[in-house]
Structure formats: structure tokens, C-alpha cells
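Novice: After the sequence you'll find the predicted model.
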Amino acid sequence: MLSDFDPNQIQDEGARQAIVELMNLVEDLKQENATLREEVQRLRDENRRLKGEQGQPQIKPGKKKPSNHSSESERRQAKGWGKGSKNDRITIDREERLAVEGTSLPADAEFKGYEEVVVQDLSIKTDNIRFLKEKFYSAKERMSYTASLPAGYQGQFGPGIRALVLVQYYSCGMSEPKIQEFLENFGVRISAGQISNQLIKNQAAWQREKEAIYQAGLSSSSWQHIDETGTRVDGVNHYCHIICNPLYTAYFTRPHKDRLTVISLLQNRPDLQFLLNRQTLSRLAGFALPQWVQRAVSHWPQDLVLSQAEMEDLVQRELNRLNAQQQARLYEAAALSAYYQQPLVPVVPVLVSDEARQYEAVTPEQALCWVHEGRHYKKLSPYLAYHQQQRAEFLTQFWKFYHHLQRYRADPTPDQAHRLRADFDTLFSTVTGYQALDNLIAKTKTKKEKLLKVLDYPEIPLHNNPAELGARQRVRKRDVSFGPRTDDGLAAWDTFMTLAATAQKLGVSFFAYVYDRVTEHNTLPSLAALIQQRSPVSHPITLG
């Protein structure tokens, strides 16, 4: 609409300002109209449902492209891409020389060597074994002695099948019925119950590997990514939390996604710990809890680690007047004090996240994701062509500044940092006259400290994509298998998704790793050991 109209061409200042305000009013009314239409349709559908009828079917236009709020194309703009050869990464299992048929060669043909062609293939076949185990009986001791099966063989299935089932389910995203169908196509007779048991039972050793990965991962960089996504457990809504860096990805599914849950994950303990000290009181003041609460807490046992039951008992006996939100702030303050004082788990200096409130005040420093920030501008849907042009021009400058920050990370200097801070203020002080866009620009400016954390710590990435990609893997798993139904299944989901994602980041074949552990050969180094070896920490951030 009005594709060639530009209010800046209007000479009269008053008229120009009036037109700008009218244009903003058009945008507001257009957005309000769309919102009201959706609400009216929702109420009509609900009214029909109450009458026993059906609502309007949700049929999307076949040719209309879905809304795309991704910023990947802009983020990757400065990166080159090309398709390279993969032959140097292919293991050659056998070599075969092929001869030219003699009848097709002319008499003067001269041998010029060989032309190399690499062909990949796979052979899948059963390896069923009938073990004949020696058996002896001692009449004197009234005891039988029977030979043991080789390591890795349990019940009716060998290590190859056990490893393949785990990899197909947790790494390849196959459902249990499809795994059964795949195996039966190759002559393996296995029931759905046996597959389920292999996926979730007797996983204590794997869970210990996951714990070691998480501990090593927390120590391997001066920052951590974090995100969460929904997961239903036995039909009840839970949340899968993803914590990661370039060397590992760890999954934790919990009933809640609040700040206390995040602190619990960072404490990495089976039960939360709480500590009351001067830092706790300082945090209570920062959380704006009443003075009488702070005085009461100052008389509780100080510098003594409390269990959750002990902390709850103190709160219920003396501070039961507090509402749920105030109690939550009290628990968070005490849990954070315990987290910072404990010596067993590395304290995360910087958390890279989106702007979800549960991540605030958890770590000494917080960095926000530029890609997530850019998404707000992509979601803006102006109606007028002039406003569309303004949004496009500002987004160009937004991503231009982002790439300046990327170049700074590669070669940081104090002068560059000073200039980029000034450029940030200039860019995010822009006033376009398009009110919705100007509001977003002003809101971004309030996040300056967290968005420019990279100027103080150049090793920190500018986006939270690794955690979002980890969340996407859980979403795909959820789409295929809906969700775990038991505690064993929940623990297995988190454990094996952690192992599979970490192996991929470290360049380790997940099948080879699982097979090595199932056969009890243990010739491959643990994933935790590889994380420690490859840790890039060279300039660790010190806590103030």
C-alpha cells in the first residue's frame, strides 16, 4: 500500500508529523483488527463446540509460504560455503583391481596406471551364535559350574543388536515399532517389550558417564549456553533444559522451568542446598524483599548448609506470611549462596541465553543472544510499504553491526571495543517515526550491557544457537516418541541424548562408542576425558 509514498517529502512540519502519526495509527489498527479477528473466530469455534458442532477447520493455503523469523541467512552472511571432497574421511576396507577386457583394447594400447574410484557400501547380516557352555556338577559340594558368556552378551541378544537399538532410538530418531520392523527385515526375532527394556533398563553405568560429561563440560569453557523446551512425561508437562558449549550438550528434564530449577541444575546435586550468609542478605535486598524479612533471615543459622526440608521448615515457621513469589526469591537467594560457596562443581561465570527471566541473576555475568534479538524485528509485520522499507533498512544496519562484533572477536582491541560501544548507542538511538519499530529499537538499547558482553570477553559467542539446536533435537525426539512414561524412561532420554549429542560434537562415532561400552572392551577414551583434552579455556573469566 502506498509503495512510493515518503512522508519526509512533505515540506510542512506540522503536516508531516500528522501524517506520520496517522500512519502509525493505521499500523496499530491493522494489528488490533487482526488480533480481534483471531479472537472472534476462537470464540465462534468455542460456541460451536459447546453446541456440539464443529469449529472452522484449520486449512492453510497451499501456496502461501509460512512465516520465517529465522536469522540464519543474515548471521551466516560473512561466511563462505563450498562443497568439498569427503574421500579423505572415508575408511577403505578393501581394494579391488579391475581389468579392461582385452578384446576391447586396440593393439597399440599402453598401460597408464589406475584411475581411483571410491565407492561406499554397507553389509548388514545376522551373526547368530549357538553357545555350547560347559557344565560341571560337584556331588561333594552339591554345586554346578557353568561357563560364562563372553563380555557383552546378555540374554538373547548380543552387543551388536544392543548397541544398534540404542543408536537408532536416541541418535537416529527412530520409534520403537520402526526399530522392531528394521531388525525383523534382517531376520532378528525381537519383541516390542525386549526393545523397550534395552532402551531404559539397567542404565546406571551410562548415567555415570553423563554425570562425568556434565562435570567436564562445566569446566571446559568460560561460558555456557542454556535453553529449554517442553517435554511431556507420562502425559504431564515437564521442561527439558539444555546446557552446552562447543564440546558437549547435556539434557535435564524437570517438572518446572523457574529460576530455582536452573540453580538446581547448576548445583548438579540430587537435592538442593541452601546457605544463609551476607551474600544471601545482599541478594534479598536486591530482590526487594521487605526489611522485616531481611532482619528475620539474619537471625537464622548463618554459614551453615541447609537441606531443602530444613529451609522449608524455617520459612513455614517464621515467614509463612510471605506470598509465593516472595518465598521463591528467598529460596533462590539462599540456593545461589550455596552454589557460589560449594567447591565441587565449577561455577559458571557467564551464561549465554535468550532473555527468559529465569536466567537473570543466576550467574555473575549474562550475555544475550543477538540472533534472538534480531528475531523480534523479523516478527514485526508492517502493513504500509514505507514502514516495511524502514524495517528492512534498520535490519541491514543491525546485521552489519553484528558482523562488526564478529570481526572484533577474531581480533579484539580496546580501541575497537570503545568504538563499537559508541556505534551501538548511535544505532539503537535511531528514530524512524514508525512507532512499533522505534519501541523495539529503544528496548534493545536497554539491553546494551548484556548484548555487548563480548567486548569484555571476546571468547563468548554472539548467539545461543547451540542450545537452541539442542532443544530442536528434543523436539524431534518428542515428535517421534511423544514422551517418556516412567522415571527410568525419563532418565534414559536425558542420558543417551546427552551421550549422542556430545559424541557428535567431539567427532566420535556414537555407534562405535556404544558398542565399545556394551562389549566391555573400553578401548575408546571416555567422552568426559576427550572434553578435558580439548578444552579451549585459555583466558578463564575470574569471578569478582
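Specialist: Perfect, I can see it now.

Novice: ranges for the strands of this protein?
Specialist: Assigned strands in the chain, in chain order: 135-138, 143-146, 223-233, 236-245, 248-254, 273-275, 305-307, 350-353, 365-368 (criterion: DSSP state E).

Novice: Just checking: what are the partner strands of the second one?
Specialist: In other words, strand 143-146. Partner strands and pairing direction for strand 143-146 (DSSP bridges) are strand 135-138 (antiparallel).

Novice: How about Lys30, nearest residue that isn't a chain neighbour?
Specialist: Nearest residue to Lys30, sequence neighbours excluded (CB to CB, 6 or more residues apart in numbering): Tyr383, at 4.5 Å. (C-beta placed from N, C-alpha, C; glycine too.)

Novice: cool, Gln154 as well?
Specialist: Distances taken as CB to CB, 6+ apart place Arg162 nearest to Gln154, at 7.5 Å, with adjacent residues excluded.

Novice: okay, now the one you found: neighbour count?
Specialist: 20 (other CB atoms under 10 Å).

Novice: what does Val167 give?
Specialist: So Val167, with other CB under 10 Å, has 22 neighbours.

Novice: check contacts around it.
Specialist: Ala500, Phe510, Phe511, Val514 (CB atoms under 8 Å, 6 or more residues apart in numbering).

Novice: Show the pLDDT at the residue nearest to Lys30.
Specialist: In this model, Tyr383 is scored at 88, pLDDT.

Novice: how close does it get to Thr432?
Specialist: 15 Å (CB to CB, to the nearest Å).

Novice: Also Phe482?
Specialist: Counting by CB to CB - Phe482 and Thr432 are separated by 46 Å.

Novice: Looking at these two, which has the bigger crowd around it?
Specialist: Comparing Phe482 with Thr432 by other CB under 10 Å, the one with more neighbours is Thr432, at 17 against 12.

Novice: Now that one. Nearest residue, chain neighbours left out?
Specialist: Using CB to CB, 6+ apart, the closest residue to Thr432 is Gln390 (4.7 Å).

Novice: Check that neighbour and give its pLDDT.
Specialist: 92.

Novice: again with Gln17
Specialist: At Gln17, pLDDT is 78.

Novice: and it, how many neighbours does it have?
Specialist: 13.

Novice: Over to Val117?
Specialist: The burial count assigned to Val117 is 7, neighbours taken as other CB under 10 Å.

Novice: List the contacts of it.
Specialist: Taking CB under 8 Å, 6+ apart as the test, Val117 contacts no residue whatsoever.

Novice: quick one, phi psi at it?
Specialist: For Val117, the backbone dihedrals are phi -130, psi 120 (criterion: degrees, to the nearest 10).

Novice: buried set for the longest helix seen in the chain?
Specialist: Using DSSP state H to define each element, the chain has its longest helix at helix 13-50. With burial defined by 16 or more other CB atoms under 10 Å, the residues of helix 13-50 counted as buried are Val20, Met23, Asn24, Val26, Glu27, Asp45.

Novice: likewise stretch 220-239?
Specialist: For stretch 220-239, the buried set under the neighbour-count rule, 16+ other CB under 10 Å, comprises 220-229, 231, 233, 238-239.

Novice: and what of stretch 146-155?
Specialist: So, applying 16+ other CB under 10 Å, buried residues of stretch 146-155: Gly152, Tyr153.

Novice: contacts for it?
Specialist: With CB under 8 Å, 6+ apart as the test, stretch 146-155 has contacts from Phe131, Lys133, Glu134, Lys135, Phe136, Gly158, Pro159, Arg162, Val518, Thr519, Glu520, His521.

Novice: Pipe those into JSON lines and attach pLDDT and distance to Arg278 per row.
Specialist: Shown next, in JSON lines, are these (pLDDT from 0 to 100; distance: CB to CB, whole Å):
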{"residue": "Phe131", "pLDDT": "93", "distance to Arg278": "66"}
{"residue": "Lys133", "pLDDT": "93", "distance to Arg278": "67"}
{"residue": "Glu134", "pLDDT": "94", "distance to Arg278": "70"}
{"residue": "Lys135", "pLDDT": "95", "distance to Arg278": "70"}
{"residue": "Phe136", "pLDDT": "94", "distance to Arg278": "71"}
{"residue": "Gly158", "pLDDT": "92", "distance to Arg278": "60"}
{"residue": "Pro159", "pLDDT": "93", "distance to Arg278": "55"}
{"residue": "Arg162", "pLDDT": "93", "distance to Arg278": "53"}
{"residue": "Val518", "pLDDT": "93", "distance to Arg278": "51"}
{"residue": "Thr519", "pLDDT": "92", "distance to Arg278": "54"}
{"residue": "Glu520", "pLDDT": "91", "distance to Arg278": "51"}
{"residue": "His521", "pLDDT": "91", "distance to Arg278": "53"}
